[in-house]
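Enquirer: the sequence isn't on hand, but the structure is:
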DNA sequence: TATTGCGTTGAAACGCGTTTCATACATTAT
DNA sequence: ATAATGTATGAAACGCGTTTCAACGCAATA
């Protein structure tokens, strides 16, 4: 495969001139410009982008760290990042971690090795301290509420959203409220947990551990939840559900078991995924694609200008009242 | 940032020795090995992976070309690819195309520029001829039935699957059968179309254009379809639906409109996505994650060994009978 | 003793595009 | 006419890890 020096020889110019032509720089005579393009054509030349990356010290690739790819939450965030990256001619390297710290560290190492110019972390398990050590190697944007930490972030205030949903349920007369969560660790989950404990305590209700359903990610988990719920000696009358997928599972499988929504069990969930509409699930819309888009913009702005326009951005949610409460 | 020459100086050895140590090659005295690691530690050295890519002429990155990231079909294929890539310490660069030829070409160009070692194309719009020109630049694996073309591929025989589903409907007494499709172009879609026309002709039924619903990808499209279906003067009694998402939309929105499944409208769809189970949708399970996994293996085997073990692989589907027919 | 061979090492070439710096000529301003 | 700008172009350095090749030492075989 031809390289830039062969092109220079063929076109009778220097490699510097070839580089100028290839990159559209000014100060090249029309004839030389043509000669270069002809040589490129004739020798069927293409740049070796790895040489470009090495020479420039950057790759125009952003790494995206997320646990799962086939989960609507992360797929939507990723889509948001991707669309914006496309607009700016950036590429995306995906690091699917399955919440394995090793994989997260690998992504961070990749930034250190200059494989990627920056990292968007959608969700993680590694300690802040560990992640923080890599800030010197490139920009890191978190899609989580990290206000107390020194990181760039775009986030949804899950404490607020969860509190809002809880108050709504309380106002509707519910006192026995449980919730479903994807995992117990993680900033978002902890914020939700805190909102749950704080709000229930405020109304003088003691939170119950058996009303908290962990590892709720997919629709199938909703099936598990409703069955567990049915077997409870004392049942909560309302459930706050981590995602519409899980809520749909609860509603659909509940229906098969004769559970009446909202009479037997009221549901408020999150996302406003298309499935929530026909099922009439009251949900809190999360701007996931927007979060991805903004995360990219944050990192892009930093890379291109070298300074930080805004450090964190809080996105607002939208309450969509339907008839599952 | 320190480079390998500085490490060599610090450790009092040559760069070749440093490289040997870093890559775990044999024939280095224990003491030199230690000296190198100490220097690495002391200078906080990390490889510049772009230099590695340039020197080696490969990146251990596979490009994945797909139209959408937040669609269960592609997200699942991608997850399958990703899991297998992870096992082999390969990385994935995603090219979301939105079915834009330009973006597909960009992915192909990226392989030519050695950004990626190979390409897995999950779905595409570019001509075979155009894609074929890039075969010299690296392995390309298609996740479509391309038996008549000279490409590596892992595919689901949609003609067979569609025919199977049609025969099932016919055997159940249906004569007026329509279908939903993601798009009209593309190998998979054409195979389905051919199966539709062939099978209906075999039983002497004239296919009707107004019973073919195009652009069916997401759940919302199911809403559109059921409304269009209701407004038809002559309605098909059965619908073959491109995906469980769309089928779920049809079933759920149909229910709101009082459409009885299967009395008014029978449904057979594809994927066996978790949602099809509680909705009791008869579906044909597509091994999407497996397809991704096998696609990666094909490309991986070619890259590592330089020869082709098998050119194409057909994956079998599983018919799951429920009560939507 | 001579020869073969394996372990160990380093110099140098290689992969390849970008960018800086110096140089040379053509203009425009003074 | 002279200084000051601007246009045009190439040599060489730079980014940095990998790999080949020659060479040296020492042990084992002939």
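Expert: Right, received. Where do you want to start? Since we're looking at a predicted model, the values are computed, not measured. Residues are numbered from 1 along each chain as shown, chains lettered A, B, ... in the order given.
Enquirer: now do the helices in the stretch 151-300 of chain A.
Expert: A:158-171, A:187-202, A:219-230, A:244-256, A:288-305 (DSSP state H, counting those that start in this stretch).
Enquirer: in TSV: these, plus distance to residue B:198 and mean pLDDT.
Expert: C-betas here are computed from N, CA, C, even on glycine. Output for those, formatted as TSV (distance: least, C-beta to C-beta, whole Å; pLDDT from 0 to 100):
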stretch	distance to residue B:198	mean pLDDT
helix A:158-171	52	94
helix A:187-202	51	93
helix A:219-230	35	96
helix A:244-256	36	96
helix A:288-305	40	96
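Enquirer: most packed of these?
Expert: Comparing these by mean neighbour count (mean count of other C-beta atoms under 10 Å in any protein chain shown), helix A:244-256 ranks first with a mean of 25.
Enquirer: which parts of the stretch 1-150 of chain A sit against chain B?
Expert: Selection of the stretch 1-150 of chain A residues close to chain B by C-beta under 8 Å from any C-beta of the partner chain yields A:46-51, A:53-54, A:59, A:61, A:68-72, A:75-76, A:78-79, A:82-83, A:86, A:91-96, A:103, A:109-110, A:112-115.
Enquirer: how about 6 Å then?
Expert: A:46-51, A:53-54, A:69-70, A:75-76, A:78-79, A:82, A:91-94, A:96, A:112-115 (C-beta under 6 Å from any C-beta of the partner chain).
Enquirer: now the helices of the stretch 151-300 of chain A in a markdown table, with distance to DNA strand D?
Expert: Output for the helices of the stretch 151-300 of chain A, formatted as a markdown table (distance: least, C-beta to the nearest atom of the strand, whole Å):
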| stretch | distance to DNA strand D |
| --- | --- |
| helix A:158-171 | 41 |
| helix A:187-202 | 34 |
| helix A:219-230 | 44 |
| helix A:244-256 | 43 |
| helix A:288-305 | 18 |
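Enquirer: so which of these is nearest residue B:226?
Expert: Nearest to residue B:226 among the helices of the stretch 151-300 of chain A is helix A:244-256; the distance by C-beta to C-beta comes to 17.8 Å.
Enquirer: so what touches the one helix or strand residue A:80 maps to?
Expert: For residue A:80, the element it lies in under DSSP states H and E is helix A:72-87. Taking contacts as C-beta atoms under 6 Å, 6 or more residues apart in numbering or on different chains, the residues outside helix A:72-87 that touch it are A:64, A:66, A:68, A:92, A:122, A:245, A:273, A:288-289, A:291-293, A:296, B:69-70, B:75, B:96.
Enquirer: list the contacts of the nearest residue to residue A:162 once chain neighbours are set aside.
Expert: Leaving aside its sequence neighbours, residue A:162 sits nearest to residue A:195 (C-beta to C-beta, 6 or more residues apart in numbering or on different chains; 3.7 Å). Residue A:195 sits next to A:159, A:162-163 when contact means C-beta under 6 Å, 6+ apart.
Enquirer: what about the residue of the stretch 1-150 of chain A found nearest DNA strand C, neighbour count?
Expert: Taking C-beta to the nearest atom of the strand, DNA strand C has its nearest neighbour within the stretch 1-150 of chain A at residue A:4, 2.8 Å off. When neighbours are counted by other C-beta atoms under 10 Å in any protein chain shown, residue A:4 registers 18.
Enquirer: now residue A:141
Expert: Residue A:141 has 28 nearby residues by other C-beta under 10 Å.
Enquirer: that one touches residue A:121, doesn't it?
Expert: No. Using C-beta atoms under 6 Å, residue A:141 makes no contact with residue A:121, being 7.2 Å away.
Enquirer: residue A:271 reaches residue A:244, doesn't it?
Expert: Yes. If you go by C-beta under 6 Å, residue A:271 and residue A:244 touch, sitting 4.3 Å apart.
Enquirer: ok, which stretches of the stretch 1-150 of chain A are helices?
Expert: With DSSP H, counting those that start in this stretch, the ranges of helices along the stretch 1-150 of chain A come out as A:4-11, A:15-22, A:30-42, A:49-56, A:72-87, A:101-112, A:128-132.
Enquirer: name the residues of the stretch 201-325 of chain A found near chain B, please.
Expert: Neighbours of chain B within the stretch 201-325 of chain A, by C-beta under 6 Å from any C-beta: A:219-220, A:252-253, A:274-275, A:278.
Enquirer: do that again at 8 Å, thanks
Expert: When proximity is defined by C-beta under 8 Å from any C-beta, the stretch 201-325 of chain A lies next to chain B at A:218-220, A:223, A:248-249, A:252-253, A:255-256, A:274-275, A:278-279, A:289.
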